[in-house]
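*Asks:* Provided below for reference: sequence and predicted model.
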Amino acid sequence: MVTVARIDPIRSMTDESCSKQPPSPSTRTSKKLVRWNCCKVCLKATLGISMFLASMGAIGYITLVTAFPELELQDSIDGPTPNLTRVADVGALSSYAHVTTRQPLLEDGHVVGGTNASARHNVGAAATLDLVQMERLDADDLGDGNPTFIERTLQFDQGASAFLAAHPEVLGEAPMSTVGGDDDDDLVHGRVLGPHGADERRSVSKSEAKRPPFSSVVRLKGSSSSSWFSSTASFCSGTLVDDDTVLTAAHCVYKNGGYRFPQVEAHPWMAAHSPVRPSTWFSSGHADCANRIYVWYPCGVKTCRGWWGLRYPCGVNWCKRYASEPSDCTWRYSTRSILVPNEWKATACQASDSGTCSEADFQHDIALLKLKSTQGQHAGTRASTATATHIDTYGSHTYSITGYPGDRAPFMATASGPIEQVASNVLRHQIDANSGQSGSGVSRDSRVYAVHVYGGDGIDGARRIDAWWLRVLRSNY
C-alpha cells in the first residue's frame with residue numbers, strides 16, 4: 001500500500017519562512033562590492049564621456065580659431081561724436097564761443113551746407129577759429145530707413161579777436177610772417193615737376209606699403225555717378241592720425257556748397273591685372289577685405305540686473321569670428337562726421353568748378369574725418385597712424401608727400417623735398433604731386449606737419465597744422 005503524505009500549504013509556507021536564516025556577512029560584502037563595481041563603471045563612463053566631449057570641444061575651438069582667426073571686438077565700436085564745446089575750452093576763450101545746431105537739406109544726394117553768410121561775421125583771429133561739423137547718422141544708428149545729418153557750428157564772437165590779441169599765449173602760436181614773394185592770385189590744382197625739371201616721384205613697393213609711415217596713408221573715394229556709358233568719381237588722399245580719424249583737405253569733402261562723405265580705402269596698394277578686375281583709377285581691383293565668411297558661436301552667459309540690484313543669468317552671449325582676409329585686399333570705411341573751418345565755406349574756391357583759387361582760400365583748406373569701424377575694428381588699428389605735429393620753423397629738413405596720384409593709379413607714390421617758403425598757414429614747396437594727392441600729408445618719418453592742397457606754376461602749397469588745429473585734434477580726435 002502506498003502512503004501519500006498530505007502537505008498542508010499553509011503550514012509548509014509557515015515552516016519555510018520560519019526556517020529562513022538572515023544573510024551571512026560574506027553575502028552582504030559581496031553585494032556591496034557589486035554595487036561599488038557598478039559605480040566605478042558609471043564613473044569611468046562619465047569621465048570618459050566628459051573627456052571625449054572636452055576634447056571635441058577643444059578641437060572644435062581650435063578649428064574655429066584657426067579657420068576664423070579674427071574676433072569682432074566689441075570695444076572698437078564707434079564712440080560719441082566729438083564735442084565742439086570741448087575744443088573751445090581754452091581758459092577764458094571759451095566765454096566767447098557759441099555752438100549752434102541745425103539739420104541741413106539734401107540735394108542730388110549731397111548734403112547742402114548753405115552759403116553760411118555768417119561765416120565772415122568775425123574779423124582777425126577769431127574767424128579763423130570757427131569750425132563746422134557735419135555728422136551722419138545712418139539707418140542702423142536710428143532704427144529707421146533713412147540717414148539723418150546734423151550740422152554743428154562753433155563760432156566765436158568779436159570779443160575773441162581782442163582777447164587773442166591781448167593773450168597770444170593761449171594758443172601757443174608763435175608769430176608767423178610771410179617769407180618770399182607775394183601771394184599768388186591764380187593757383188590751379190594740378191601737377192608740378194620738381195626743381196630739377198623731372199618727375200621725382202617713385203612708386204611705393206608692396207612691402208613698404210604695409211609698414212609705417214606708408215601704412216597710414218589712405219585714399220578717399222568721393223560719391224560717384226554712373227550711367228551705361230560713363231562713370232565719374234572724385235579721389236583724394238589722406239593720413240590716419242588716430243584709429244578712426246583722417247587728416248585731409250577741406251576741398252575733398254566740402255565743395256560747391258555741399259558736403260561729400262567719402263569712402264576711405266586703407267591700403268589699395270595695387271590692382272589685380274585681369275579683364276575681370278582691370279587696373280583703373282576708378283577701381284583698385286582689390287577684393288574687399290570685408291567680404292569674408294563668418295560664424296556666430298556662444299561665448300558666455302548674458303547677465304541682467306534685477307530690480308533688487310543683483311545680476312542674474314538671462315541668456316547667452318554670442319560672438320562673431322571672421323575668416324582670414326584675402327591677400328592684397330582693401331579695407332573700406334564709411335565717414336560718419338566731417339570737420340572743416342567755417343571760413344572755408346565762404347571761400348570762392350569751394351564754389352568754383354574750374355579749380356582756380358587764391359592762396360588766401362587755401363589758408364582754410366584743412367579737414368578732419370571721423371570714420372565708422374568695419375567688422376569691429378577701426379582703420380588705424382589694422383594699419384598704423386601718424387602723429388599730427390605743429391612746429392613754427394621747418395628748417396632745411398626733407399619732407400615727403402605720399403598719396404594716390406591719378407596718373408599712377410592705383411599705385412601709391414611718394415616724393416621728397418624741402419619747404420621753400422612759409423606764408424601764414426600755407427607752406428610752399430616743390431615736392432612732386434598730382435591730382436588725387438590733395439589731402440596727402442606733408443610728413444617726416446611718422447609725423448605729419450601739413451596737408452597738400454594745391455599745385456601751381458612753379459610752386460605747390462600745403463596747409464600747415466597750426467596750434468589751433470593741433471588743439472582740435474587733441475581735444476576730440
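*Replies:* Nice, thanks for sending it over.

*Asks:* who touches residue 436 in this structure?
*Replies:* By Cβ atoms under 8 Å, 6 or more residues apart in numbering, the contact set of residue 436 is 235, 236, 237, 281, 403, 404, 405, 406, 409. In this view, the C-beta of every residue, glycine as well, is placed from N, C-alpha and C.

*Asks:* Report the buried residues of the helix or strand encompassing residue 470.
*Replies:* Assigned by DSSP states H and E, residue 470 falls within helix 467-476. For helix 467-476, a neighbour-count test (16 or more other Cβ atoms under 10 Å) marks 468, 469, 470, 471, 472, 473, 475, 476 as buried.

*Asks:* can you redo these as CSV with pLDDT?
*Replies:* Converted to CSV, the buried residues of helix 467-476 look like this (pLDDT from 0 to 100):
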residue, pLDDT
468, 88
469, 90
470, 89
471, 86
472, 87
473, 86
475, 80
476, 66
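
*Asks:* relative to helix 467-476, how tilted is the helix or strand hosting residue 461?
*Replies:* Under the criterion of DSSP H and E, residue 461 resides in strand 460-464. Going by axes from the mean of the first three to the mean of the last three Cα atoms, to 10 degrees, strand 460-464 is angled at 50 degrees with respect to helix 467-476.

*Asks:* Point out the other helices and strands that strand 460-464 packs with.
*Replies:* Applying 3 or more Cβ pairs under 8 Å, 6 or more residues apart in numbering; DSSP states H and E, we find strand 460-464 packed against helix 359-362, strand 426-429, strand 447-455.

*Asks:* Please identify the most buried of those.
*Replies:* Of the helices and strands packed on strand 460-464, the one with the most neighbours on average (mean count of other Cβ atoms under 10 Å) is strand 447-455, at a mean of 26.

*Asks:* so what strands line up beside that strand?
*Replies:* strand 387-388 (parallel), strand 441-444 (antiparallel), strand 460-464 (antiparallel) (DSSP bridges).

*Asks:* Does residue 299 belong to a helix, a strand or coil?
*Replies:* Under DSSP: H, G, I helix; E, B strand; the rest coil, the three-state class of residue 299 is strand.

*Asks:* what does the model give it for pLDDT?
*Replies:* Confidence at residue 299, expressed as pLDDT, is 80.

*Asks:* again, but for residue 80
*Replies:* At residue 80, the model reports a pLDDT of 62.

*Asks:* Where is the longest helix in this protein?
*Replies:* Counting by DSSP state H, the longest helix found in the chain is helix 25-67.

*Asks:* what's it packed up against?
*Replies:* On a contact count with 3+ Cβ pairs under 8 Å, 6+ apart, helix 25-67 meets no helix or strand.

*Asks:* pLDDT on that helix, on average?
*Replies:* For helix 25-67, the mean confidence score works out to 77.

*Asks:* and if you look at stretch 306-317?
*Replies:* 81.

*Asks:* Would you pull up how far that stretch lies from the middle of the chain?
*Replies:* Distance of stretch 306-317 from the chain centroid (Cα atoms, centre = their mean, to the nearest Å) equals 33 Å.

*Asks:* circling back: may I see the buried residues of helix 467-476 arranged in CSV, with distance to residue 156 as well?
*Replies:* Shown next, in CSV, are the buried residues of helix 467-476 (distance: Cβ to Cβ, whole Å):
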residue, distance to residue 156
468, 11
469, 15
470, 18
471, 14
472, 13
473, 19
475, 15
476, 17
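
*Asks:* I'd like the distance between residue 240 and residue 61.
*Replies:* Distance, residue 240 to residue 61, by Cβ to Cβ, to the nearest Å: 34 Å.

*Asks:* Quick check on these two: which one has the bigger neighbour count.
*Replies:* Applying other Cβ atoms under 10 Å to residue 240 and residue 61 shows that residue 240 carries more neighbours, namely 29 against 11.

*Asks:* Could you tell me the angle between the helix or strand hosting the more buried one and strand 447-455?
*Replies:* Using DSSP H and E, residue 240 maps to strand 235-242. Interaxial angle, strand 235-242 versus strand 447-455 (the same axes, to 10 degrees): 160 degrees.

*Asks:* Which elements pack onto strand 235-242?
*Replies:* Judged by 3+ Cβ pairs under 8 Å, 6+ apart, strand 235-242 is in contact with strand 217-221, strand 245-248, helix 379-382, strand 441-444, strand 447-455.

*Asks:* so how far is residue 440 from residue 389?
*Replies:* 16 Å.

*Asks:* Who has more neighbours out of the two?
*Replies:* Ranked by neighbour count (other Cβ under 10 Å), residue 389 and residue 440 place residue 440 first, with 34 against 16.

*Asks:* May I have the beta-bridge partners of the closest residue to the more buried one other than its chain neighbours?
*Replies:* Once flanking residues are discounted, residue 440 sits nearest to residue 403: 3.5 Å by Cβ to Cβ, 6 or more residues apart in numbering. With DSSP bridges as the criterion, residue 403 is bridged to residue 413.

*Asks:* Equivalent analysis for residue 367, please.
*Replies:* Counting by DSSP bridges, residue 367 is bridged to residue 248.

*Asks:* need the contact list for it.
*Replies:* Residues near residue 367 by Cβ under 8 Å, 6+ apart: 247, 248, 249, 250, 252, 253, 254, 338, 339, 340, 344, 439.

*Asks:* Which one (most neighbours) among those residues?
*Replies:* Highest neighbour count within those, by other Cβ under 10 Å: residue 439, with 32 neighbours.

*Asks:* Which pLDDT value goes with the residue lying closest to that one once chain neighbours are set aside?
*Replies:* The spatial neighbour of residue 439 that comes closest, neighbours along the chain excluded (Cβ to Cβ, 6+ apart), is residue 248 at 3.4 Å. For residue 248, the pLDDT comes out at 96.

*Asks:* Residue 248 contacts residue 240, doesn't it?
*Replies:* No - Residue 248 lies out of contact with residue 240 (Cβ atoms under 8 Å); the separation is 10.3 Å.

*Asks:* Now do residue 269, the pLDDT please.
*Replies:* For residue 269, the pLDDT comes out at 60.

*Asks:* Over to the one 10 residues further on?
*Replies:* According to the per-residue confidence, residue 279 scores 45 in pLDDT.
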